[in-house]
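Undergrad: Here is my input, please return the structure:
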Amino acid sequence: MKYMYPKLLAVCLVVAIYCNNRSVKNYQSARDGHGYHLIVKRGAFHDDRFDLYKNKIRYTPDTFESKADAKYNHYTETYLDSLPTLGFFKKLEVEGFWELDDHYPTETSCPSQLIVTLKHDKKSKTVICDDFSNDCPDLIKYIDKKVVEMEGNDLHRIYTPG
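TA: Reported below is the predicted structural model:
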């Protein structure tokens, strides 16, 4: 009887540690390997990037050049309601993102590149538009506008003469 309680305690401790480690691994695999990730990279004057996940969006500015408008110079991370964000990702799939061409070239002299990458589970697709305003599919233009709206700091494209 004297040694029964420590053995029982040790067994309970081992089971608890095992269950905890298993749930942490499941959480990490669900967080890292599954779900959506949208990357929007804007070229020309901006050279910035938006990363959209299920519940947050990150804005990463160009680190080499400071912009006149200070809001374009600061990294931001905004937390979002996951339900509308998941609805946005589903809309991209329904509208045919996976069927878009990989590259949309342009003949214009002053292009402003837009690169959009969508990742879901182990599936990934990158669409490159050499000129976002002229030779880019409407779905990619919609994505460009929507991520700016979701980020919330009014980081719209700035048109420069040229």
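
Undergrad: If K125 is in a bridge, with which residues?
TA: Assessed by DSSP bridges, K125 has beta-bridge partners L118.

Undergrad: Next, count neighbours for it.
TA: Neighbour count for K125, taken as other Cβ atoms under 10 Å: 14. Glycine gets a C-beta too; all of them are placed from N, C-alpha and C.

Undergrad: Quick one: distance of whichever strand or helix holds Y142 to the chain centre.
TA: Following DSSP states H and E, one finds Y142 within helix 138-151. Remark: helix 138-151 is offset 12 Å from the chain centroid, using Cα atoms, centre = their mean, to the nearest Å.

Undergrad: before we move on, what about stretch 127-136?
TA: Taking the mean of its C-alpha atoms, stretch 127-136 sits 19 Å from the chain's own mean (Cα atoms, centre = their mean).

Undergrad: End to end on it, go ahead and measure it.
TA: 10 Å (Cα to Cα, to the nearest Å).

Undergrad: Mind listing what's buried along it?
TA: V127, I128, C129, D130, D131, F132, S133, C136 (16 or more other Cβ atoms under 10 Å).

Undergrad: List the contacts of that stretch.
TA: By Cβ atoms under 8 Å, 6 or more residues apart in numbering, the residues outside stretch 127-136 that reach it are 42, 97, 100-108, 111-117, 137, 140-141, 144, 157.

Undergrad: pLDDT averaged over that stretch, what's the number?
TA: On average, the pLDDT along stretch 127-136 is 85.
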